[in-house]
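Asks: Need coordinates for the following:
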Amino acid sequence: MDKVIFFLAFIIFLPIIWFFGKDVPYQDLSDIFDSLKDTAAIIFAILGAWIAVIYPKDLKAIFHVNNSKDIEATVVFEKLISSLIIVTFTLIVMIASMPIMALIKNIPFFQGYKEYLRQALLLYIYLLTLAQVYALLATLIPNIKMLIDLARAKSSAEVLRRNCSVNDESNNDSHQ
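Replies: Predicted coordinates:
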């Protein structure tokens, strides 16, 4: 379902971005691109550290999945790895495109196509942004699910603890 919403958002904003992209100055686009690149680098670092620090057992266990608990942990771990791959690919594409953008900006032939190039650049930035948002959501959603599962388990344990203490009291009363 989230993929459908993501795709619909992409489709809805595509013509808007293309139409208004010609009016966005190159300097603004360049600033957005740099911020996006910095953000991707930060996300990459955080995801890498998160995987190494929080999921060290999963790094080892991923090759030795034996039970349903291991499989569930592996699913969350796979989402983190998938997000890391998406962000890494986004960074690679951004870094590779930087010299191309500088080259196009300085070739006289492209001066007559400035508006189209700004539209294309804004569209490109939009696609890179969506890739990063998708990577973050793919990381966030399984962790929210895990948090909900932990809260349910805690609540169930609390109910069991209360029931056990009530049963213990009633057993003590019946023995006297």
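Asks: measure the spatially most central residue of the chain to Pro142 for me?
Replies: When Cα atoms, centre = their mean is applied to the chain, the residue found nearest the centroid is Leu136 (1.4 Å). To Pro142, Leu136 is 12 Å away according to Cβ to Cβ, to the nearest Å. C-betas here are computed from N, CA, C, even on glycine.
Asks: and what of Val93?
Replies: 25 Å.
Asks: which one of those two has more residues nearby?
Replies: Using other Cβ atoms under 10 Å as the criterion, Val93 and Pro142 rank with Pro142 on top: 18 against 14.
Asks: which element is the more buried one on?
Replies: Per DSSP states H and E: Pro142 is located in helix 114-175.
Asks: Does the residue nearest to Ile51 when sequence neighbours are not counted lie in a helix or a strand, and which?
Replies: If the residues on either side of it in the chain are set aside, Ile51 comes closest to Leu80, at 5.4 Å by Cβ to Cβ, 6 or more residues apart in numbering. Counting by DSSP H and E, the element that carries Leu80 is helix 68-106.
Asks: just checking, what packs against that helix?
Replies: The helices and strands touching helix 68-106, judged by 3 or more Cβ pairs under 8 Å, 6 or more residues apart in numbering; DSSP states H and E, are helix 26-54, helix 56-61, helix 114-175.
Asks: which regions of the protein sit below the pLDDT cut-off?
Replies: 1-2, 54-73, 76, 165-176 (pLDDT under 70).
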